[in-house]
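Undergrad: fold the following, please.
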Amino acid sequence: MKIDSPKIPNDLPTMNFQDIFYQEDPELELCIINDSLFMNEVLDRPRLSQMIVKNCKFNNTDFSNIEITDVIFENCDFSNALLSHSSIHRVVFKNCKLLGLDLTESRFGNVEFDNSILNLTAFGNSKLEKVIFQDTSSEGADFYDCIFKKVKFNRCNIDGANFEKTPLKGIDLSHSTFESLIVSFDDLKGCKVNSRQAIQMASLLGLIVTD
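TA: Purely as a prediction, here's the structure:
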């Protein structure tokens, strides 16, 4: 599946994430940010666009209602941050730590999570369209009552993930791994799995496989 990449100009100036406090509105754009610490902060409806953000820490920061467009995050830590009700489009999270991140009731389009940790990340009640999870760990991630459209899981650990009330028709889980999932029979219709996973799912649904 091909998704649109972030549209970011070359030769961007360097800024510090703290500079967002000095803007007329809480927004940053057209810049590169390296090694910023922005933890335990609160921003009201921030906006980020056309940026590269590397080696930054945003732990426990409240970014509710954030709008992120055309941004690459690399080696960043969003653990336990709050990004609910967000709009995230043409964004890449590469080698990022998103442990316990709250992304509930958000909209994602053309987003890639690459080699990142999404354990216990909450996506509940979100819409994900053209989203790739590549080589991620998503143990215990919560996808409750989400809408998936062209979502790909490739070589991911999704053990213990919750897909309850999220239809998985057209979703390919065959290249990912899990021991258990939270999922209902109706939502599994049309989901692609490998033979080992089919046996696992049968067991999860209470079936007894005898051969």
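Undergrad: for the chain, which spans come out with low pLDDT?
TA: For the chain, applying pLDDT under 70 flags the ranges 204-211.
Undergrad: rerun at 50
TA: In the predicted model of the chain, no residue satisfies pLDDT under 50.
Undergrad: and the residue nearest the centre of it, how far from residue 136?
TA: Relative to the mean C-alpha position of the chain, the nearest C-alpha, by CA atoms, centre = their mean, is the one of residue 113, at 5.9 Å. In this structure, residue 113 lies at 5 Å from residue 136, with CB to CB, to the nearest Å as the measure. Where C-beta positions appear, they are placed from N, C-alpha and C, glycine not excepted.
Undergrad: just the strands in this protein please.
TA: Taking DSSP state E to define them, one finds strands in the chain at 14-15, 27-34, 47-54, 67-74, 87-94, 107-114, 127-134, 147-154.
Undergrad: want to throw these into CSV with distance to residue 163?
TA: Converted to CSV, the strands of the chain look like this (distance: least, CB to CB, whole Å):
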stretch, distance to residue 163
strand 14-15, 39
strand 27-34, 34
strand 47-54, 29
strand 67-74, 25
strand 87-94, 20
strand 107-114, 16
strand 127-134, 12
strand 147-154, 9
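Undergrad: and of the ones you listed, who's closest to residue 196?
TA: The closest of the strands of the chain to residue 196 is strand 147-154. By CB to CB, the value is 15.6 Å.
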